[in-house]
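Student: For reference, the sequence and a predicted model appear below.
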Amino acid sequence: MTLDAGGIGSEGPTLAALFDGLPERVLCYRQRDRMIHYVNATQAGELGRPPQELIGRRIEDVFGSGETSRVAVHAGHLTPQDPVHSTVTQEGDRWIEWVDRLLPGSDPAVLAVGRDVTEREGAARELAASERRFRLVLDAAPVGMALVDLDGTLRQVNQALCSFLHRSEDELVGMSTLELTHPDDVEADLSYSRGLLDGDPGAEMLAKRYLRPDGTVVWGMLKVSPLTDAAGEPVQMIGQVVDMTEQMQREAELQRAAATERAAADRLRELDELKNTFLSAVSHELRTPLTSVQGFARLLRDHLDELPPERLVSSLDALVRNADRLADLLADLLDVDRIMRGRALPLRSGRVDLEQVVAEVLSTVDLQDREVTRDLTPAEIVADRAKCERVVVNLIANAVRHTPEGTAIDVSVAPTDGGAQLTVADRGPGIPDEAKATVFEAFDLGASDAPHVGGTGIGLALVRGFVELHGGEVWVEDRPGGGAAFQVELPRRPPAGEER
């Protein structure tokens, strides 16, 4: 069967009955003059006329101007090369989808079929309106927002998110959320996403770090909500990001401040303990010579006429010796106070042979029956002799104080290319590595297995202060075979401006 301008009706009732039974509108008209050859019952019913009144009439005599214009446009464009056109038109409160097909023949006709798509178009337009509303909400939101696929690909982003990440919308769309995440937070982000998709009620929000193009790290509080289909299955996600960079920086600053405050409080407690230890040690050190001074002074006052000459001389010697000890203690305290306050100490420099200084100190200092091995070589420098003596005295006293009775002490002096080196080594328990950094601090009394034999905790602090005043260095290291070895290096002369 060939459908031409009169084909539908001329084929008898079978084809006409088929078209009449369709719910779609069916209309056939001649292309050249738009003369109607056939309308089915549905189309005729829409026009409110029986089909017989419509057949043989022109489109413009039957339809309204809107449909007439549509027919005229489509009829004029239909060709054998482009035989089909479709469009959707609104007729009252309904939407009709028209498909016009050219029926070739000696006098071509157009078969137009119209289908009511009001429900579909309504849903499509509602969807489009919903998408416009979503876009408006997205753009107006003060926080970063994004529509994200289940694999983490960004599909829509708002300006707030672009500003937060310092990227344009074109840059962000198509990127993965993991590309924007700090490497250390990737696993947390993946775990959070898995929890959301698995329905974990605990997966509410996630504080995470993001990376800007220049490498800057920013903090965001992420809240993701799954979008589900009619069956309740997730199809996409909506993510919201609140910029928390300033808040996290403030919290970090507060934590640092709290840590500093705790450290200061710990230091105050430490200083308080040091003060108590120092006062106890100083009172002990001062009490011994002071008691001797008082005792000998009373002896001389009460029994001066009764004392034999030799006892009188020994008492006076003891009185002078203990008075000198008190003076030395007070001088040490004043000097360490000046060092701790950063105040300059006088440096009276001259030519000094460090070997002679050490030999003289060893001949006068109380070694408490300890053996001393000596390896002394002449080493001349320009230095303050009195302060060099106090360095040696304090190092020897420290070795005696912190080693068991009868333990030997090794003392050596040698010239160096830059000046002179002094070593005082003991054979005691040594100094733990963690204590080596603080052993030269004031009031650090250290630890000893020997009974307490005196000490104020300022001797080694004075050693360091006097050595550094000369531009030298002092440190402690382990002695081969056990014990501690204190090393002092003094330059050939003090730094410029220090020598006076």
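Tutor: Right, received. Where do you want to start?
Student: contacts and neighbour counts: CA atoms only from here.
Tutor: Noted.
Student: buried residues in the lengthiest strand in the chain?
Tutor: Taking DSSP state E as the criterion, the chain has its longest strand at strand 217-228. In terms of neighbour count (16 or more other C-alpha atoms under 10 Å), strand 217-228 has its buried residues at 218-220, 222-227.
Student: ok, those residues vs residue 209, which is closest?
Tutor: residue 219 (4.5 Å; C-alpha to C-alpha).
Student: what's the spacing between residue 358 and residue 416?
Tutor: 17 Å (C-alpha to C-alpha, to the nearest Å).
Student: Compare the two (neighbour count), which wins?
Tutor: The neighbour comparison of residue 358 against residue 416 (other C-alpha atoms under 10 Å) goes to residue 358, with 22 against 13.
Student: what's near enough to touch that one?
Tutor: Counting by C-alpha atoms under 8 Å, 6 or more residues apart in numbering, residue 358 makes contact with 389, 392.
Student: how about 7 Å then?
Tutor: Residues in contact with residue 358 (C-alpha atoms under 7 Å, 6 or more residues apart in numbering) are residue 392.
Student: Just the CA atoms of stretch 231-244, as PDB, please.
Tutor: Extracted C-alpha coordinates of stretch 231-244, given in PDB (Å, rounded to 0.1, in the frame of the first residue of the first chain):
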ATOM      1  CA  ALA A 231      14.300   3.200  45.200                       C
ATOM      2  CA  GLY A 232      16.300   5.000  47.900                       C
ATOM      3  CA  GLU A 233      19.600   4.200  46.300                       C
ATOM      4  CA  PRO A 234      22.300   7.000  46.400                       C
ATOM      5  CA  VAL A 235      22.900   8.600  43.000                       C
ATOM      6  CA  GLN A 236      24.800  11.800  43.800                       C
ATOM      7  CA  MET A 237      25.900  13.700  46.900                       C
ATOM      8  CA  ILE A 238      25.600  17.300  48.000                       C
ATOM      9  CA  GLY A 239      28.700  18.600  49.900                       C
ATOM     10  CA  GLN A 240      28.800  21.700  52.000                       C
ATOM     11  CA  VAL A 241      32.100  23.100  53.200                       C
ATOM     12  CA  VAL A 242      32.500  25.800  56.000                       C
ATOM     13  CA  ASP A 243      35.800  27.600  56.000                       C
ATOM     14  CA  MET A 244      37.400  26.900  59.400                       C
END
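Student: where does the stretch 251-400 of the chain dip in pLDDT?
Tutor: By pLDDT under 70, the low-scoring segments of the stretch 251-400 of the chain are 274-275, 277-286, 288, 332, 336-337, 340, 342.
Student: quick revisit: farthest-apart pair in the buried residues of strand 217-228, please.
Tutor: Longest distance between any two of these is 27.0 Å, between 218 and 227; criterion C-alpha to C-alpha.
Student: hmm, back to that, distance to residue 432 and pLDDT added to the buried residues of strand 217-228, as JSON lines?
Tutor: What follows is the buried residues of strand 217-228, written out as JSON lines (distance: C-alpha to C-alpha, whole Å; pLDDT from 0 to 100):
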{"residue": "218", "distance to residue 432": "44", "pLDDT": "95"}
{"residue": "219", "distance to residue 432": "44", "pLDDT": "95"}
{"residue": "220", "distance to residue 432": "47", "pLDDT": "92"}
{"residue": "222", "distance to residue 432": "50", "pLDDT": "92"}
{"residue": "223", "distance to residue 432": "53", "pLDDT": "90"}
{"residue": "224", "distance to residue 432": "55", "pLDDT": "88"}
{"residue": "225", "distance to residue 432": "58", "pLDDT": "86"}
{"residue": "226", "distance to residue 432": "60", "pLDDT": "86"}
{"residue": "227", "distance to residue 432": "64", "pLDDT": "84"}
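Student: ranges for the strands of the stretch 1-150 of the chain?
Tutor: Assigned by DSSP state E, counting those that start in this stretch, the strands in the stretch 1-150 of the chain fall at 25-30, 36-39, 84-91, 94-103, 109-116, 144-149.
Student: which residues are contacting the first one?
Tutor: Just to be clear, that refers to strand 25-30. Residues outside strand 25-30 that contact it (C-alpha under 7 Å, 6+ apart): 5, 19, 35-40, 42-43, 108-115.
Student: Now a PyMOL select for only the buried ones of these.
Tutor: To isolate the buried ones among these in PyMOL, judged by 16+ other C-alpha under 10 Å, type:
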select buried, resi 5+19+35+36+37+38+39+40+42+43+108+109+110+111+112+113+114+115
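Student: Do you know the pLDDT at residue 147?
Tutor: Looking at residue 147, its pLDDT stands at 88.
Student: in stretch 424-433, what counts as buried?
Tutor: Under the neighbour-count criterion of 16+ other C-alpha under 10 Å, stretch 424-433 has 424-431 buried.
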